[in-house]
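Asker: coords please:
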Amino acid sequence: MAISFSKAFATYWGTEKEGEKFATVKLSTGDKQKDGTYINTNWFATFVGKALEKLDDLKSKDKIQITGKISNPYNKETKKSFLSLLVWDFEFSDGVKSNAKSSNEELDEQMPFN
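Answerer: All right, here's what the predicted structure looks like:
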């Protein structure tokens, strides 16, 4: 089973591996709690389709809205399942081409993929 989503916010950190039909991309997402703190999650997402076509427009720390699906397929041979994040499109979160800030040392130290 897969759960589709639309316009989830994420931060782009870089591309791990890029092929002809897909790319493995480092993303992070945050979930705001009732007390105002955030729980951050780091992902190795697979970009396909329109997301792959627009990948060259991204710079580290860009804030994007992603559209895709999350699945947890089970492999009968290995008897294991794995969480998968598939992204088929994205938009910059505030309508600009790039949101990357040139420097913010305090924020940089807190981020997972530096």
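Asker: and the strands in the chain?
Answerer: With DSSP state E as the criterion, the chain has strands at 2-18, 23-32, 38-47, 63-71, 74-75, 80-81, 84-92.
Asker: what angle do the fourth one and strand 38-47 make?
Answerer: Direction vectors for strand 63-71 and strand 38-47, defined by axes from the mean of the first three to the mean of the last three C-alpha atoms, to 10 degrees, enclose an angle of 70 degrees.
Asker: strand 63-71 - contacts with which helices or strands?
Answerer: Secondary-structure packing of strand 63-71 (3 or more C-beta pairs under 8 Å, 6 or more residues apart in numbering; DSSP states H and E): strand 2-18, strand 84-92. Every C-beta, even on glycine, is put in place using the N, C-alpha and C of the backbone.
Asker: for Asp57, which of the strands of the chain is the nearest?
Answerer: Among the strands of the chain, strand 84-92 comes nearest to Asp57, with 8.2 Å by C-beta to C-beta.
Asker: buried set for the closest one?
Answerer: Neighbour counts using 16 or more other C-beta atoms under 10 Å place Ser84, Leu85, Leu86, Val87, Trp88, Asp89, Phe90, Phe92 of strand 84-92 among the buried residues.
Asker: what confidence value was assigned to the residue lying farthest from the centre of the chain?
Answerer: With C-alpha atoms, centre = their mean as the measure, the chain has its most outlying C-alpha, relative to the mean C-alpha position, at Glu77: 28.7 Å. What the model reports as pLDDT for Glu77 is 95.
Asker: this completes my enquiry, with thanks.
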